[in-house]
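Colleague: coordinates for the following, if possible.
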Amino acid sequence: MFDDYDLSIRGQDVFNANNEINTILDLSETSDGLLINLTDENKLPGTISIALKNESDKYRYFYLMSDNKEYQRLNALSNNVIKISSVGKYLLTEKNMNKFKINIVWVLGAAGVILLMSLIYIFTKKKYWFW
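Modeller: Residues are numbered from 1 along each chain as shown. Presented below is the predicted three-dimensional model:
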């Protein structure tokens, strides 16, 4: 096999045997983590498993990267083996790349519920305040 990784594919994971796989992966170390670039024009024949050999236990998160640097977290990292079923750019990292995003609709809804509950409390328990 290769020095940095073992690549395997199970026969039951093949869904298109006509597609060929390039076994030489483009691995590069970035400031965020390890970038795996699978941007071949050929599609994968099925789900491939990649077991990294060197320092793979330090990575906790596995992401699919889009062209505009948005990250989609994948749950395909287990026992230092990643599973990939489509071409693209993947990132193995120690950092959580998804930032916490506040949805304004949820904030306004929560504020409305708090206001409604406060008004109900005032008019049921403290009804003599206003008379």
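
Colleague: which SSE is immediately downstream of the longest strand along the chain?
Modeller: Counting residues, the longest strand found in the chain (DSSP state E) is strand 5-14. Using DSSP states H and E, the helix or strand that follows strand 5-14 in sequence is strand 26-29.

Colleague: contacts for that next one, please.
Modeller: Strand 26-29 has contacts (CB atoms under 8 Å, 6 or more residues apart in numbering) with Asp4, Tyr5, Leu34, Leu35, Ile36, Asn37, Leu38. C-betas here are computed from N, CA, C, even on glycine.

Colleague: okay, now the sheet partners of that strand, with direction.
Modeller: The pairing partners recorded for strand 26-29 under DSSP bridges are strand 33-38 (antiparallel).

Colleague: for the helix or strand that comes right after the strand it pairs with, buried residues please.
Modeller: Tracing the chain past strand 33-38, the next element assigned as helix or strand by DSSP H and E is strand 46-52. By neighbour count with 16 or more other CB atoms under 10 Å, strand 46-52 contains the buried residues Gly46, Thr47, Ile48, Ser49, Ile50, Leu52.

Colleague: so the fourth one makes contact with Val81?
Modeller: Yes: at 5.4 Å, Ser49 counts as touching Val81 under the criterion of CB atoms under 8 Å.

Colleague: domain assignment for the chain?
Modeller: For the chain, the domain assignment from automatic domain parsing gives the residue ranges 5-93, 101-131.

Colleague: a markdown table for those, including mean pLDDT?
Modeller: A markdown table is the format used below for these (pLDDT from 0 to 100):
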| stretch | mean pLDDT |
| --- | --- |
| domain 5-93 | 77 |
| domain 101-131 | 82 |
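
Colleague: single out the most deeply packed of these.
Modeller: Mean neighbour count (mean count of other CB atoms under 10 Å) peaks for domain 5-93 among these, with a mean of 14.

Colleague: and the end-to-end length of that one?
Modeller: Start-to-end span of domain 5-93 (CA to CA, to the nearest Å) is 16 Å.

Colleague: that one: how far from the chain's middle?
Modeller: When distances are taken as CA atoms, centre = their mean, to the nearest Å, domain 5-93 is centred 12 Å away from the chain's centroid.
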